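Participant: fold the following, please.
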Amino acid sequence: MKPLVTMRHALEDANIFGSVLSGETWSAWRVLLIAAMGEPLHDDERVTFEQLTGRPAEPGERVDEFWAIIGRRGGKTRATAVLASYLAGLCDYGDVLAPGERASLPIMSATTWQASKALQYLNGIFAEVPAMAELVENITADTISLSTRVDIEVRPASFRTARGGTLAAAIGDEVAFWRSENSANPDREILDAIRPGLATTGGPLIAISSPYARRGEVYNTYKRHHGPAGDPLVIVAKAPSRTMNSTLSEKVVARAYERDAAVASAEYGAEFRTDVESFVSREAVDACVTAGILERAPLSSIRYFGFVDPSGGSADSMTLAIAHREKEVAVLDAIRERKPPFSPDSVVKEFAELCQTYRVSKVVGDRYGGEWPREAFRKHGVTYEVAEKTRSEIYLALLPALNSRRVDLLDDDRLIAQLCNLERRTARGGRDSVDHPPGAGSHDDRINSAAGALVLVAANKGPLVISNELLTRSAQPAAAHSYSRVKPRAFFGSQSQGQ
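Facilitator: Numbering: from 1, shown residues only. From the prediction side, this is the model:
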């Protein structure tokens, strides 16, 4: 990669970006962009750079990674659009691209709608800036193709779409909020898939986000690289919204703090939230999973319990989980999920048939839909009872058993991802609650029914009759059917839990 003009020149030239990030309100962003491209700063700019990055001096060469942890409305998307335009349009990649090869510059976000906001800024730059407009060869709904042999593309944040091809640079938007139904660590997996694509060009990885919980790649990168001890070629800037955008109304920010200081400190103050923590560690969950077991066949000697997370069929999934107790371990036997759209009555019929297979004549679920779930299941010979515990209370009741390996889970990626993504939140009064995180791709339908079934098992205080059939199966290798992997302990804490 060879810059055709310096970033400083591009930002000062009225025919390039001089009118895009002009004025005092954009001065902090100009400092970061100049330093990220390895150009020297002036003395007054160096003071700003230290305030934002914790480092007394700029790196002096183009960085490998640029992370901007900035509050909402702090100008992240607009400034990053300028950086993307510079890297795609004002740098030469002829020395690293093979004949006929084109490089990509992906802009990835949790949804294509979010990423399209950056594309709107880019469309404006390439339409209105004379020096940039002449570079455009083609524009589609999700791609800007330039004569520099670089295609700026909008993509969903997925490790599958991140793989392959030569990248001029890569931009991750709101990385702290990337979610996936199939992974507990989607941000790390996606970024790891991106980095090899940058090796040929030496282009930078650019990650912008407002902060969230104290976990994930945004927080981990901040801890490792913000300040003088970090890698010189990994810049991590962190600043409140009004530091980067002085035109943001002070009254808007003040009202946000009055409504909820914890939320506002992250949204506008760029502070990682201390009231949101991971519910359970990935290590604790992995210890409870029997590898290779996707479902367990019913046995006539076992009493099974069912829990349903109902849905109307248009928005959320409808799920059913079946579990039983073996000694002091709650064992998950089967789980079913039907994603929308679906016919609720058809799914109830399917779930009732599965219940009958496991001789489950009564299921428990939440209060969704009023009388409908009760009537629907009753038609198929299954009683539907409303759970006494809320969803959050069920999760909290399950936690001690997870941490002490008194749960035997199925080897189900979606189930494990949903469990690992659960968050524990502490309200102002000190009360804890557990729920899935905000944002696209965040669901807990599958783990909700599984947790409900496992906690139901705790309420079974009657003796478990172990027949010769059960003893025979228990003696089989773990890969075939493994339950008793822990020492006997009091089940799910106190005797009152799960009632």
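Participant: buried residues in the helix or strand hosting Phe49?
Facilitator: Using DSSP states H and E, Phe49 falls within helix 43-53. Residues of helix 43-53 classed as buried by neighbour count (16 or more other CB atoms under 10 Å): Glu45, Arg46, Thr48, Phe49, Glu50, Leu52, Thr53. C-beta here means a position set from N, CA and C on the backbone, and glycine is covered the same way.
Participant: nearest to Leu90, of the residues you listed?
Facilitator: Glu45 (20.6 Å; CB to CB).
Participant: follow-up on the earlier one: next one: the helix or strand following the helix holding Phe49 to chain centre, how far?
Facilitator: For helix 43-53, the following helix or strand on the C-terminal side (DSSP H and E) is strand 65-70. Remark: strand 65-70 is offset 17 Å from the chain centroid, using CA atoms, centre = their mean, to the nearest Å.
Participant: could you dump the helix or strand that strand 65-70 is followed by to PDB, C-alpha only?
Facilitator: As assigned by DSSP H and E, the chain's next helix or strand after strand 65-70 is helix 76-89. Taking C-alpha atoms only, helix 76-89 is exported to PDB below (Å, rounded to 0.1, in the frame of the first residue of the first chain):
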ATOM      1  CA  LYS A  76     -17.400   7.600  14.800                       C
ATOM      2  CA  THR A  77     -19.200   6.600  11.600                       C
ATOM      3  CA  ARG A  78     -18.500   9.800   9.700                       C
ATOM      4  CA  ALA A  79     -14.900   9.900  10.700                       C
ATOM      5  CA  THR A  80     -14.500   6.300   9.800                       C
ATOM      6  CA  ALA A  81     -16.100   6.900   6.400                       C
ATOM      7  CA  VAL A  82     -13.400   9.400   5.700                       C
ATOM      8  CA  LEU A  83     -10.700   7.000   6.700                       C
ATOM      9  CA  ALA A  84     -12.300   4.300   4.500                       C
ATOM     10  CA  SER A  85     -12.400   6.700   1.500                       C
ATOM     11  CA  TYR A  86      -8.800   7.600   2.000                       C
ATOM     12  CA  LEU A  87      -7.600   4.000   2.200                       C
ATOM     13  CA  ALA A  88      -9.800   2.900  -0.800                       C
ATOM     14  CA  GLY A  89      -9.300   5.900  -3.000                       C
END
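Participant: residues touching the helix or strand just after helix 76-89, excluding its own?
Facilitator: Next helix or strand after helix 76-89 toward the C-terminus (DSSP H and E): strand 91-92. Strand 91-92 is contacted from outside by Met1, Lys2, Pro3, Leu4, Thr148, Ala168, using CB atoms under 8 Å, 6 or more residues apart in numbering.
Participant: need the contact list for the third one.
Facilitator: By that I understand Pro3. Met37, Leu90, Cys91, Asp92.
Participant: selection in ChimeraX covering whichever of these are buried, please.
Facilitator: Of the contacts of Pro3, the buried ones can be selected in ChimeraX as follows, counting by 16+ other CB under 10 Å:
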select :37,90,91
